[in-house]
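1. The amino acid sequence is not available; the structure is as follows:
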């Protein structure tokens, strides 16, 4: 299950008076955002030919063909930049495009479907798979490491997951450790 388009970054703000923009790049090497040819907005209705001016700690400063003043660059603030999936190189072994993981089944070690991967999150401490549990209303986050996701088979459309303790079972119920009584539970201080 391969998505048609992949998000490579977004225009976060105007930069200067001559129409430059600051781009938050999602590519491994930030300046590679311009290496794939023209990018498009989310619905594909507008193309952007990008030329990197410099890379800063805040992102990639770039020129966009046809954008020559601050008002025009400011109007692009928040624009997401996409590329057709087939234009991207194949990832290395044990590397994956986030977009390829979204929508695959999450199965337990016993082969039963537990849920579906709905997103890949990263809040700074590493990648997390967000999994919508089949028989539950919400989602659960699972570290995207070999310990918790030992097998990824995109051809078969699934990832094998190993839940840590205190995680939902296949019925969406939480598996909890035995409750440990504390002084507070007994009413003493």
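-> Everything's here; your move. Nothing here was measured: the structure is a model prediction, and the numbers come from that model.

2. Give me the below-cutoff pLDDT ranges for this protein.
-> 1-3, 166-189 (pLDDT under 70).

3. so what's the spatially most central residue of the chain closest to, chain neighbours aside?
-> For the chain, the residue nearest the mean C-alpha position is residue 120 (4.1 Å; C-alpha atoms, centre = their mean). Leaving aside its chain neighbours, residue 120 sits nearest to residue 98 (4.1 Å; criterion: C-beta to C-beta, 6 or more residues apart in numbering). Every C-beta, even on glycine, is put in place using the N, C-alpha and C of the backbone.

4. same question, residue 102
-> residue 117 (5.9 Å).

5. A strand includes that neighbour, no?
-> Yes. When DSSP: H, G, I helix; E, B strand; the rest coil is applied, residue 117 is found to be in a strand.

6. what sits against it?
-> 101, 102, 103, 104, 105, 106, 129, 130, 131, 159 (C-beta atoms under 8 Å, 6 or more residues apart in numbering).

7. Pull out the buried residues from those.
-> 101, 102, 104, 105, 106, 129, 130, 131, 159 (16 or more other C-beta atoms under 10 Å).

8. from those residues, which is closest to residue 64?
-> Distance to residue 64, by C-beta to C-beta, is smallest for residue 102 among those, at 27.8 Å.

9. coming back round to it: and the residue nearest to residue 102, what are its bridge partners?
-> With DSSP bridges as the criterion, residue 117 is bridged to residue 131.

10. what's the spacing between it and residue 48?
-> 29 Å (C-beta to C-beta, to the nearest Å).

11. picking up where we left off before, neighbours of the residue nearest to residue 120, how many?
-> 18 (other C-beta atoms under 10 Å).

12. Equivalent analysis for residue 81, please.
-> Residue 81 has 27 nearby residues by other C-beta under 10 Å.

13. Quick one: residues contacting it.
-> Going by C-beta under 8 Å, 6+ apart, residue 81 touches 7, 8, 9, 10, 11, 23, 33, 39, 40, 41, 48, 50.

14. Between these, identify the one with the most neighbours.
-> Result: residue 23 is most packed of the contacts of residue 81 (other C-beta under 10 Å), 31 neighbours.

15. you'd agree it is in a helix?
-> No. Applying three-state DSSP, one finds residue 23 to be strand, outside a helix.
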